[in-house]
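Student: have a look; sequence and predicted model below, questions after that.
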Amino acid sequence: MLVIFPVVSLADLNIDNAWIKHLPPTVPVRAGYMSIFNPGSEAVSIVSVTSDAFKNIEVHQTIMQDGLMRMEQIPDLTIGPNSQLKLEPGGLHLMMMHPTEPTSPGDKVQITIEMSDGSRQSLIFTVKK
């Protein structure tokens, strides 16, 4: 009996400096930041970000429009082949809404990202002041 398995290309991103901005428990949102490197030869799109620590997580970018800073949701985050993308204060970031428990500096929070090819990658973010 011959069994043939399809070749599936799963994304594998290198993530560094993953952290969450600490805010008082009365603030219902947090911001998450990280550096993402795609070592592959194909672009990779992050289409979903989840965590048991937050009710909802979205990718946002901060933009200046008509002299005002505002945030805009990004439906997916594409990292080109052999490219790096930084999520940092004042730019792209994770908008982490409604923490399920208060966070404190030093806490470790598990986040899962899902790519357009269906692969998932778990990350650990550190809460920082």
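Tutor: Arrived safely. Numbering: from 1, shown residues only.
Student: for the closest residue to Pro28 other than its chain neighbours, what are its contacts?
Tutor: Excluding the flanking residues, the one nearest Pro28 by CB to CB, 6 or more residues apart in numbering is His98, at 5.4 Å. Every residue, glycine included, has its C-beta placed from N, CA and C. With CB atoms under 8 Å, 6 or more residues apart in numbering as the criterion, the residues that contact His98 are 28-29, 54-56.
Student: let's see it at 10 Å
Tutor: 28-30, 53-57 (CB atoms under 10 Å, 6 or more residues apart in numbering).
Student: so after the worst-scoring helix or strand of the chain on mean pLDDT, what's the next helix or strand?
Tutor: Here the helix or strand of the chain ranked lowest by mean pLDDT, DSSP states H and E is strand 68-74, holding a mean of 90. Downstream of strand 68-74, the first helix or strand assigned by DSSP states H and E is strand 77-79.
Student: which parts of that next one are buried?
Tutor: Using 16 or more other CB atoms under 10 Å as the test for burial, strand 77-79 gives 77, 79.
Student: before we move on, what about stretch 100-114?
Tutor: Buried residues in stretch 100-114 (16+ other CB under 10 Å): 103, 109, 111, 113-114.
Student: going by distance to Leu85, which of those wins?
Tutor: Nearest to Leu85, judged by CB to CB, of these is Ile113 at 12.3 Å.
Student: and the helix or strand harbouring the closest one, what's its mean pLDDT?
Tutor: Ile113 belongs to strand 108-115 when assigned by DSSP H and E. Averaged over strand 108-115, pLDDT sits at 96.
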